[in-house]
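Enquirer: pasting a predicted model and its sequence here:
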Amino acid sequence: MKKLRYLLIFLSATLLLSGCNRGRGSEKETLPELTNMTVDGVIDEEAYNLIPGRTAGVKAGVLVQYAVGTKGVYFGLTVTDTKHQVSAPSGIVASDYVGLAVDALAVPKSDDGVSESTKLFRVDTMGRYTYTTGNEYGAWEDIAKGVYDSVISGENLPTIAVNIVEDEYYIVEIFFSWEHLGTTAEAAAKNNCLMYYIEHRDMGVDIHADANILAPAMYNRLVYLGDRKGSNLPAEAPEITIDGILDEALWETAYVTNSGNFQERVPSETAGDYRALAIWGEKGIYLGVEVEDPHIEAPNGTGAAYKNAGMEMRIHVYNKDGLPLNSLKWLFDVWGPQWHETGAGGLSSSFAPYAEYKFVINGTIDNNDDTDEGWSFEIYIPFCELGVTDANNDYINILHAVGSHEQNNMLPQSYLDSHPDVNWDYPEDYPQIRKPA
């Protein structure tokens, strides 16, 4: 499972986030019949390969897969966990566990909260589980609980199988019929959008959740028909391939928003050269990072992720008159997105950013027995997700800090020259990007 985990980080650490429009059905594609599906806790059916999966959870420890057909939707969660820990007195949420919430009726980015269409399943590594549903008052109601023994099913339940291999991994496979989710196959095909949320605790590390569990409209957005199917994939394809490798010609025209050498700034550092680039595209902005690092380290969970190898992006959007339109703080470590803050207020411990990104890890994370080469990163953020309303005249000031282990965050030298006290809070002095003249 260890090799599988790093392969997943290398190949499928892509968290592909929503575009500006709700998912639409495809005139050329209909929901498949999905024959030969068995809910048995073994995720081996070919149907799970029809929609790209993703990684989620603490240190990207959860592989999320899905299969959607005329009868309903299947979820397969494979959780890598080499030390199962449980808290008998405190119950599931204080133990190693995974949770899945699903809502087929929530409208993305609306004010839809928990309702009768919101379903939640949690199970820990002892097999203790709960299944709850929302009610008309926005609260949770328990439907079933117990210790897993065999496949769970019933009139008011989805079909659930759990497969636990102690101190290696555990798997959850769930089938929700469209009827159980409060909709029909016809409506689901037309809607082409289902909201879901992943919650994961590794007791020895931290807890990670994709979004606010009480806000289904802000969950991950799964599109299952058309040529842009996947989790949170922008509705329109980017202008370049988001593969984590900055090899397209467009990068040759990019703004350099940060560059330097870790060892020159921090003599005890082992990391080398780094650079952060930005492109003002036709549909959005593209950010890229390349880092030389012989020892890629990210041992912390979400709470202390700022101490891991990764980056923080502080983005401030202005109109042509210099009036602020939006501001964002996004923290990514090499495991994926960790937390964000917006100018509207509020801090989220973890989140599903609305963008398409990919890491490439040339080495193995948290393994000092080998020598790594480093890591690279690409992200595409549509203008509408940034709050850009006039791409010809609006502009962005961005502080793109690049970090190695133990919070050695590198800021642009031009910014440090103006603020030698290393105060990050002067957005007027951040590097600026806008549409090229």
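Expert: Now that the structure is in, tell me what you want to look at.
Enquirer: residue 276 contacts residue 256, correct?
Expert: Yes - counting by Cβ atoms under 8 Å, residue 276 does reach residue 256; the two are 7.4 Å apart. For the C-beta atoms, the positions are set from N, CA and C on the backbone; glycine is no exception.
Enquirer: ranges for the helices of the stretch 101-250 of the chain?
Expert: With DSSP state H, counting those that start in this stretch, the ranges of helices along the stretch 101-250 of the chain come out as 185-191.
Enquirer: picking up where we left off before, between residue 276 and residue 256, which one's more packed in?
Expert: Set side by side, residue 276 and residue 256 show more neighbours around residue 276, with 27 against 11, by other Cβ atoms under 10 Å.
Enquirer: from residue 383, how far off is that one?
Expert: Shown here: residue 276 relative to residue 383, a distance of 20 Å by Cβ to Cβ, to the nearest Å.
Enquirer: repeat that for residue 321.
Expert: Look at residue 321 and residue 383: by Cβ to Cβ, they are 18 Å apart.
Enquirer: higher neighbour count, the two?
Expert: A direct count of neighbours by other Cβ under 10 Å for residue 321 and residue 383 places residue 383 higher, at 20 against 6.
Enquirer: give me the domain ranges for this protein.
Expert: Following automatic domain parsing, one finds the domains of the chain at 2-226, 249-434.
Enquirer: can you tell me which of those has the worst average pLDDT?
Expert: The weakest mean pLDDT among the domains of the chain belongs to domain 2-226, with a mean of 89.
Enquirer: now do the contacts for residue 330.
Expert: 312-313, 315, 337, 340, 353 (Cβ atoms under 8 Å, 6 or more residues apart in numbering).
Enquirer: tell me what it is bridged to.
Expert: In this entry, residue 330 is beta-bridged to residue 313, residue 340, by DSSP bridges.
Enquirer: use 202 as the first number from now on
Expert: Let's use 202 as the start, then, which means that last one is residue 531.
Enquirer: ok, it to residue 410 distance?
Expert: 16 Å.
Enquirer: repeat that for residue 480.
Expert: As judged by Cβ to Cβ, residue 480 and residue 410 stand 31 Å apart.
Enquirer: as JSON lines, the domains of the chain with distance to residue 442 would be great.
Expert: JSON lines is the format used below for the domains of the chain (distance: least, Cβ to Cβ, whole Å):
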{"stretch": "domain 203-427", "distance to residue 442": "11"}
{"stretch": "domain 450-635", "distance to residue 442": "9"}
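Enquirer: so what's the residue count around residue 566?
Expert: Neighbours of residue 566 under the rule other Cβ under 10 Å: 22.
Enquirer: correct me, but it touches residue 499?
Expert: Yes - assessed by Cβ under 8 Å, residue 566 is found in contact with residue 499 at 5.4 Å.
Enquirer: shared neighbours, the two?
Expert: Common contacts of residue 566 and residue 499, defined by Cβ under 8 Å, 6+ apart, comprise 510, 535-536.
Enquirer: can you flag which of these belong to helices?
Expert: Judged by DSSP state H, helices contain none of the shared contacts of residue 566 and residue 499.
Enquirer: dump those residues to TSV, plus neighbour count and distance to residue 608.
Expert: Below are the shared contacts of residue 566 and residue 499 laid out as TSV (neighbours: other Cβ atoms under 10 Å; distance: Cβ to Cβ, whole Å):
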residue	neighbour count	distance to residue 608
510	28	10
535	26	14
536	27	16
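Enquirer: show only the entries of the residues you listed found in strands.
Expert: Per DSSP state E, strands hold no members of the shared contacts of residue 566 and residue 499.
Enquirer: residue 611: which of those residues is nearest?
Expert: residue 510 (11.6 Å; Cβ to Cβ).
Enquirer: that closest one and residue 605: what is the separation?
Expert: Applying Cβ to Cβ to residue 510 and residue 605 gives a distance of 5 Å.
Enquirer: repeat for residue 406
Expert: From residue 406 over to residue 605 (counting by Cβ to Cβ), the distance is 19 Å.
Enquirer: do the same with residue 359
Expert: According to Cβ to Cβ, residue 359 and residue 605 sit 44 Å apart.
Enquirer: what does residue 272 give?
Expert: Taking Cβ to Cβ, one finds residue 272 at 49 Å from residue 605.
Enquirer: same check on residue 468?
Expert: Distance of residue 468 to residue 605, computed by Cβ to Cβ: 13 Å.
Enquirer: who has more neighbours, these two?
Expert: A count of neighbours by other Cβ under 10 Å puts residue 605 above the other of residue 468 and residue 605, at 25 against 7.
Enquirer: partner residues bridging the more buried one?
Expert: residue 609.
Enquirer: does it touch residue 470 like I think?
Expert: Yes - Residue 605 sits in contact with residue 470 when judged by Cβ under 8 Å, with a separation of 6.3 Å.
Enquirer: contact partners for residue 608?
Expert: 507-508.
Enquirer: same check on residue 399?
Expert: By Cβ under 8 Å, 6+ apart, the residues touching residue 399 are 257-258, 263, 265, 278, 299-301, 410-411, 421.
Enquirer: cool, and residue 353?
Expert: Going by Cβ under 8 Å, 6+ apart, residue 353 touches 330, 332, 345, 360-362.
Enquirer: let's have those residues in a markdown table, adding distance to residue 324 and neighbour count.
Expert: As requested, those are arranged in a markdown table below (distance: Cβ to Cβ, whole Å; neighbours: other Cβ atoms under 10 Å):
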| residue | distance to residue 324 | neighbour count |
| --- | --- | --- |
| 330 | 4 | 21 |
| 332 | 9 | 21 |
| 345 | 11 | 14 |
| 360 | 14 | 18 |
| 361 | 8 | 24 |
| 362 | 10 | 20 |
